[in-house]
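Chemist: Here is the input, now give the coordinates:
(chains A, B, C and D)
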There are 4 protein chains.
Amino acid sequence: MIKVSVVGAKGRMGSHVVEAVNGAADMQLALTLDAADDLAAITPENTDVTVEFTVPSVSLGNVLKLAAQGVDVVVGTTGWTEEKLAKVREAIANGPRPDAQKVFIAPNFAISAVLADYFAVKAAKYFESAEVIELHHPTKVDAPSGTAIHTAQGIAAARKAAGLGPMPDATETDGGSRGQVVDGVHVHAVRLRGLNAHEEVLFGNAGEQLTIRADSFDRGSFMPGVLLAVRKLASDAPAGLTVGLDKFLDL
Amino acid sequence: MIKVSVVGAKGRMGSHVVEAVNGAADMQLALTLDAADDLAAITPENTDVTVEFTVPSVSLGNVLKLAAQGVDVVVGTTGWTEEKLAKVREAIANGPRPDAQKVFIAPNFAISAVLADYFAVKAAKYFESAEVIELHHPTKVDAPSGTAIHTAQGIAAARKAAGLGPMPDATETDGGSRGQVVDGVHVHAVRLRGLNAHEEVLFGNAGEQLTIRADSFDRGSFMPGVLLAVRKLASDAPAGLTVGLDKFLDL
Amino acid sequence: MIKVSVVGAKGRMGSHVVEAVNGAADMQLALTLDAADDLAAITPENTDVTVEFTVPSVSLGNVLKLAAQGVDVVVGTTGWTEEKLAKVREAIANGPRPDAQKVFIAPNFAISAVLADYFAVKAAKYFESAEVIELHHPTKVDAPSGTAIHTAQGIAAARKAAGLGPMPDATETDGGSRGQVVDGVHVHAVRLRGLNAHEEVLFGNAGEQLTIRADSFDRGSFMPGVLLAVRKLASDAPAGLTVGLDKFLDL
Amino acid sequence: MIKVSVVGAKGRMGSHVVEAVNGAADMQLALTLDAADDLAAITPENTDVTVEFTVPSVSLGNVLKLAAQGVDVVVGTTGWTEEKLAKVREAIANGPRPDAQKVFIAPNFAISAVLADYFAVKAAKYFESAEVIELHHPTKVDAPSGTAIHTAQGIAAARKAAGLGPMPDATETDGGSRGQVVDGVHVHAVRLRGLNAHEEVLFGNAGEQLTIRADSFDRGSFMPGVLLAVRKLASDAPAGLTVGLDKFLDL
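Modeler: This is a model prediction of the structure:
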């Protein structure tokens, strides 16, 4: 049984994590902490892996503390920059278990989204055309999504590496319907009540189309990815800081 | 048996019409004419319905001549304006069969596209959100398609008539990915090698989505609509000029 | 303001109704009752419309009592038979407001599903081929869904009325993949973790396809339909028993 | 310039190959042969790669002759068995270029279909549920398609290798709508006028879905794959017999 503690246990995501851990046959819920609680309670003795889902303003501090206590952490909070990641690496190096400490941070825990992005980049060089459509709930403030930009950039890089030129496009008159062009890849953003987070990548050749679509219907969609990360940290994940769920998928 | 003549019989669309008429159990191919041929050969005696699929620059002249000869016509050529339509009405009024002459003109003969447009307008007032995505081959020069604009305008008008306000949309930062806004409806245009002409309309409420999609895979997709129009002209279509395939659908 | 009481207010659906009523600008929550509460508390004085979402075993009794008290009811509980409906009609006739009492019962309150079914039947006669795919969560015990059967029957009836023969199908060898045949229409049922309730209807002609899809992502998807029914009962719905949300849609 | 000869040049597929070769900037059409022509005309001097698209009854003979003449061949004809493949290997070993001769045979040249199959197998172990829907024109005599069976078998094998048990499915009552079960994977076959060859693979976890879809709209969809194979044979493909387009994709 993997002993799992949750930091931010009463939060939107954290409460889902508590539920998911309770539902996993190979895991046992250890401690559940919130804003008012002292992280010092979490130790390598009572916890195998800590899941941290809080807010960007406190997450770095939490991870640094947990690393200093020699606790392995799966971090779901967003807002990580290269600077912040450097501090985490430093904390691991200066911590009690520099050669064994594991910290895992991922911008997206939805396995379907991570696979879609990976497959899209793999497929990119085999098609003349590629476009990305992302669809989200209408309360999202930015467009397009970071995930869609990431996918478009990956497609563009794969096309460039394969020596492909620009995609065919005879459009002469466009009032904005062709979307945003990210490194030569057209990206479209739909905002629709009832949706959560969705991405569709379309590839076309003469006479054929390949479509890869990831749907995240609700926050529960992150839990299979979180549990997968917890299991990896409790088993064969490499020591040090790992960023991105694709690192833990066998692709 | 309905006797059908085809004007523009060797053209891209006309050749499909000849094939479709030959394949219809209730139709008989009468005359097949092309640019060099004299329209005078087509008479009410040898032809029940003429199908005209040529180019915008000659289509009006053809239709006026056929009307003057008292021949019923299904017109598939595009490029019709209110002015041109007025001339057709005048030709019917001054022709040999002012009370019986039938002329039918449609911007789109794909039944799926006509139904999708009709259903989308019907559905519009029941949803908080609606967006239109059209997808075409990459040699199309304009974006979005006229059909998509028509659908968006219909949705907007239906929402207005029902007293609905603007759709929910919290987007603050957008580099163009939200597409073109037609009367308040976001329209996205995809250009992909391998596609022909496709339209998808998305509607959303809390917890639910309705999607209506029309795919036209090739020019053959127009033929069921052309044959339907021929049958209507040969039976119960009203006299005079009729515009739009939806007029012939029992909706 | 429409005064709305909820029977079954703590149940899975009832709690959503309470939330939806609280969120509606033109409604006011009156009484919220549960199994232990006395329905006699609900009167035409304190309540304009009562929403009843309980279980089949008690729903008929609840509706009969409310009708005897002269209260208008929107019923979301399932399991209605012709016999039960007859008893409701009788209760209305014998109640205090035989000419004004309104009771509304619907097997499905998802507007998208009701519209999809309606549009599918409308479209049916214009296509050579039609098939139905329904997709649900894997804990559903019956397959295909009642909604899919209803849609298939409607398509079959529309084809028959239009004089269409069997759909083209050259299949000679099939190990079961062609699905269940309902009145000549093939129906396929997918069971997938992560899904809730979805239906896709596919229509095909030479060169073209029409797709109509309804997605119900969660129980919240019923609320727009429930609120619509409440508003109809509070305004221009006809007196007596009405069955089916399509009766309240302007189609 | 790669010199390409085509055997079966007037056939349904062969004529597309001739057109595709003529349209490729890096290829030159060498000889075009048909049933009546002598294969001896094709030599390593006048041809770099021969494309063979005929019928199963003559294809083996053609390939053996071409191998005996030391000509590299891309074979698109179907109907290959292990026995036939063994004879090709033998012909290569006994031919004039045993260490350099290249023969490539593929059951499916649609890149989108080959990628979809590959990605589906890769994704399989990360999801609780997986089902396959294939959709074809209604003149296809078998159901489900060989490609769908292949995909289902690949998914099943990947799940087994990862130690996954049966998928969740509470279905108690089913009149056949749940489709054909291939190694535990449900496979559904749709037959619809207007379609050609399509496959959709659905994966589900709590709250998320991954969809991978390949559309082959017409015979032209095989050409990008054929050209890719020709280029591989003219460059870095290994000597000997290679079966399956996935071997030539960098995955």
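Chemist: For the one residue in the stretch 51-200 of chain A that gets nearest to chain D, give its distance to A:Phe127.
Modeler: At 3.9 Å from chain D, A:Ser112 is the closest residue in the stretch 51-200 of chain A, using Cβ to the nearest Cβ. The C-beta positions use only the backbone N, C-alpha and C, and glycine is treated the same way. Between A:Ser112 and A:Phe127 the computed distance is 21 Å (Cβ to Cβ, to the nearest Å).
Chemist: Kindly report the same for A:Ala229.
Modeler: According to Cβ to Cβ, A:Ala229 and A:Phe127 sit 32 Å apart.
Chemist: cool, and A:Phe248?
Modeler: From A:Phe248 across to A:Phe127, the span is 28 Å (Cβ to Cβ).
Chemist: do stretch A:117-133 and chain C meet at all?
Modeler: No. Using Cβ under 8 Å from any Cβ of the partner chain, stretch A:117-133 stays clear of chain C, coming no nearer than 15.8 Å.
Chemist: Can you give me the end-to-end span of that stretch?
Modeler: By Cα to Cα, to the nearest Å, the extent of stretch A:117-133 from end to end equals 12 Å.
Chemist: Now stretch A:185-203 - C-alpha only, PDB.
Modeler: Extracted in PDB, the C-alpha atoms of stretch A:185-203 (Å, rounded to 0.1, in the frame of the first residue of the first chain):
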ATOM      1  CA  VAL A 185      -0.400  26.300 -37.600                       C
ATOM      2  CA  HIS A 186      -4.000  27.700 -37.500                       C
ATOM      3  CA  VAL A 187      -5.500  27.400 -34.000                       C
ATOM      4  CA  HIS A 188      -9.300  27.900 -33.400                       C
ATOM      5  CA  ALA A 189     -10.900  28.500 -30.000                       C
ATOM      6  CA  VAL A 190     -14.500  27.700 -29.300                       C
ATOM      7  CA  ARG A 191     -16.300  28.800 -26.100                       C
ATOM      8  CA  LEU A 192     -19.400  26.900 -25.300                       C
ATOM      9  CA  ARG A 193     -21.600  26.600 -22.200                       C
ATOM     10  CA  GLY A 194     -21.600  22.900 -21.100                       C
ATOM     11  CA  LEU A 195     -18.100  22.200 -22.200                       C
ATOM     12  CA  ASN A 196     -15.000  21.800 -19.900                       C
ATOM     13  CA  ALA A 197     -11.700  21.400 -21.700                       C
ATOM     14  CA  HIS A 198     -11.400  19.700 -25.200                       C
ATOM     15  CA  GLU A 199      -8.900  19.700 -28.000                       C
ATOM     16  CA  GLU A 200      -9.100  18.300 -31.500                       C
ATOM     17  CA  VAL A 201      -6.300  18.100 -33.900                       C
ATOM     18  CA  LEU A 202      -7.100  17.600 -37.600                       C
ATOM     19  CA  PHE A 203      -4.600  16.300 -40.200                       C
END
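Chemist: next structured bit after the helix or strand harbouring A:Gly154?
Modeler: Element membership of A:Gly154 [criterion: DSSP states H and E] is helix A:146-161. The element immediately downstream of helix A:146-161 (helix or strand, assigned by DSSP H and E) is strand A:173-174.
Chemist: mind listing what that following strand pairs with, with the direction of each?
Modeler: Strand pairing for strand A:173-174, using DSSP bridges, gives strand B:142-143 (parallel).
Chemist: circling back to that earlier point, who has more neighbours out of A:Ser112 and A:Phe127?
Modeler: Taking neighbours as other Cβ atoms under 10 Å in any protein chain shown, A:Ser112 and A:Phe127 compare with A:Ser112 leading, 30 against 25.
Chemist: And that one, how close does it get to chain B?
Modeler: Remark: distance between A:Ser112 and chain B (Cβ to the nearest Cβ, to the nearest Å) = 17 Å.
Chemist: if we can go back for a sec, what sits up against the helix holding A:Gly154?
Modeler: A:107-108, A:113, A:116-117, A:120-122, A:124-125, A:130, A:132, A:134, A:182-185, A:187, A:189, A:197, A:199, A:201, B:177 (Cβ atoms under 8 Å, 6 or more residues apart in numbering or on different chains).
Chemist: From the residues you listed, which land in helices?
Modeler: Among the contacts of helix A:146-161, the residues falling in helices (DSSP state H) are A:113, A:116-117, A:120-122.
Chemist: Could you dump those residues into a markdown table and include distance to C:Thr173?
Modeler: Output for the ones in helices among the contacts of helix A:146-161, formatted as a markdown table (distance: Cβ to Cβ, whole Å):
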| residue | distance to C:Thr173 |
| --- | --- |
| A:Ala113 | 39 |
| A:Ala116 | 34 |
| A:Asp117 | 39 |
| A:Ala120 | 36 |
| A:Val121 | 39 |
| A:Lys122 | 34 |
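Chemist: quick one: contacts for the residue of the stretch 51-200 of chain A closest to chain D?
Modeler: With contact set as Cβ under 8 Å, 6+ apart, A:Ser112 has these partners: A:214-216, A:221, D:127, D:203, D:205, D:208-210.
Chemist: Mind giving me the PyMOL select for the contacts of helix A:146-161, buried ones only?
Modeler: In PyMOL syntax, the buried subset of those is picked out as below (16 or more other Cβ atoms under 10 Å in any protein chain shown):
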select buried, (chain A and resi 107+108+113+116+117+120+121+122+124+125+130+132+134+182+184+185+187+189+197+199+201) or (chain B and resi 177)
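Chemist: Restricted to strands, list the contacts of helix A:146-161.
Modeler: If you go by DSSP state E, the contacts of helix A:146-161 have A:130, A:132, A:134, A:182, A:185, A:187, A:189, A:197, A:199, A:201 in strands.
Chemist: Helix or strand with the lowest mean pLDDT in chain A?
Modeler: Lowest by mean pLDDT, DSSP states H and E among the helices and strands of chain A is strand A:173-174, with a mean of 92.
Chemist: And the contacts of that one?
Modeler: In contact with strand A:173-174 (Cβ under 8 Å, 6+ apart) are residues B:141-144, B:180, B:189.
Chemist: For ChimeraX, write a command that selects the buried ones of those residues.
Modeler: Selection of buried members from those for ChimeraX, criterion 16+ other Cβ under 10 Å:
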select /B:142,143,144,180,189
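Chemist: Perfect, that will be all.
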